[in-house]
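S.K.: Only the shape, not the letters, is given here:
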Ligand code: NAD
């Protein structure tokens with residue numbers, strides 16, 4: 001199937017569905033200037049997230065993780081705006097074709113684009129949480145004069161995101177699994193599908209009878225095994241064209 005036909009097919013599958021969900025990963029935000037973990041370019045060629053984005057690394061040397069990872073991420077995320085793919089998903093919701101976005105991203109761009117039911121599987125960088133007392137505050141209010149930043153209780157502030165080595169909080173995990181099992185189309189956009197347990201959601205959807213449509217410039221471990229078809233290319237153009245066809 002060529003790309004134009006695959007986009008037409010996706011729009012038809014979505015129009016015929018009762019319940020479509022989108023599962024998104026770092027690739028959907030690449031065109032907003034946020035580099036994904038895997039793939040070419042950006043901060044991750046200089047910083048190994050597997051070395052720095054772990055709870056062990058943070059607890060062992062919080063000042064280093066703040067300096068090397070969190071400050072760099074904060075600068076990138078502070079500058080980012082939704083792109084055509086985020087806007088396309090928001091238009092699909094507005095036209096009644098998409099209910100829920102399950103995202104692995106921590107950038108808040110789906111909400112900024114206008115999606116109203118977004119499950120943040122890995123939390124959100126816009127909030128900080130104290131590692132000791134659990135208090136939260138917006139990241140923009142963080143006092144960064146001293147490294148690592150500390151809560152008034154003396155504990156360490158850290159982004160309200162799931163670091164490698166931490167469990168997914170029960171509420172987003174259970175809700176994502178329930179919605180996945182009930183959908184009849186899942187759009188899988190910009191994820192390399194290697195970070196568990198999010199990577200298993202498409203297989204769960206397929207086992208429950210859903211059609212799996214993947215959008216990615218590269219094949220992934222889901223391609224052929226789990227996805228019914230891959231629309232190969234950048235999310236901005238493809239999601240936008242699908243949203244146009246569903247609206248028309
Ligand atoms: P990943 O970095 O492992 O994979 C990114 C995928 O996106 C790749 O398959 C790549 O081919 C694809 N991609 C690249 N450009 C694209 C484009 N323009 N359109 C569509 N797809 C494109 O990402 P992941 O699977 O989400 O896993 C990494 C983890 O890192 C996630 O858990 C996420 O929380 C975190 N992360 C989040 C952000 C963010 O919030 N924006 C950024 C980096 C990493």
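M.R.: Happy to help now that I have it. Not measured: the values here are computed from a predicted model. Numbering: from 1, shown residues only.
S.K.: Which positions in this structure make contact with the ligand?
M.R.: For the chain, the contact set with the ligand under C-beta under 6 Å from any ligand atom comprises 25-31, 34, 36-39, 104-107, 122, 190-192, 195, 215-218, 220, 234-235. Where you see a C-beta, it was placed from the backbone N, CA and C, and this is true even at glycine.
S.K.: Among those, which ones are in strands?
M.R.: 215, 216 (DSSP state E).
S.K.: And the residues of the chain next to the ligand, which of them are buried?
M.R.: Listed as buried from the residues of the chain next to the ligand are 25-31, 34, 36-39, 104-107, 122, 190-192, 195, 215-216, 220, 234-235; burial here means 16 or more other C-beta atoms under 10 Å.
S.K.: Sort out which of those are in helices and list them.
M.R.: residue 235 (DSSP state H).
S.K.: contacting residues for residue 33?
M.R.: 76, 79, 80 (C-beta atoms under 8 Å, 6 or more residues apart in numbering).
S.K.: ok, now with 6 Å
M.R.: The contact partners of residue 33, taken as C-beta atoms under 6 Å, 6 or more residues apart in numbering, are residue 80.
S.K.: do you know how far it is from residue 77?
M.R.: Taking C-beta to C-beta, to the nearest Å as the measure, residue 33 falls 10 Å from residue 77.
S.K.: Please spell out which residues along the helix or strand of the chain with the lowest mean pLDDT are buried.
M.R.: Lowest on mean pLDDT, DSSP states H and E among the helices and strands of the chain sits helix 49-52, with a mean of 80. The neighbour-count criterion (16+ other C-beta under 10 Å) identifies 49, 52 as the buried residues of helix 49-52.
S.K.: Could I get the average pLDDT for the helix or strand just after it?
M.R.: Going down the chain from helix 49-52, the next helix or strand is helix 55-60, by DSSP states H and E. Average pLDDT, helix 55-60: 94.
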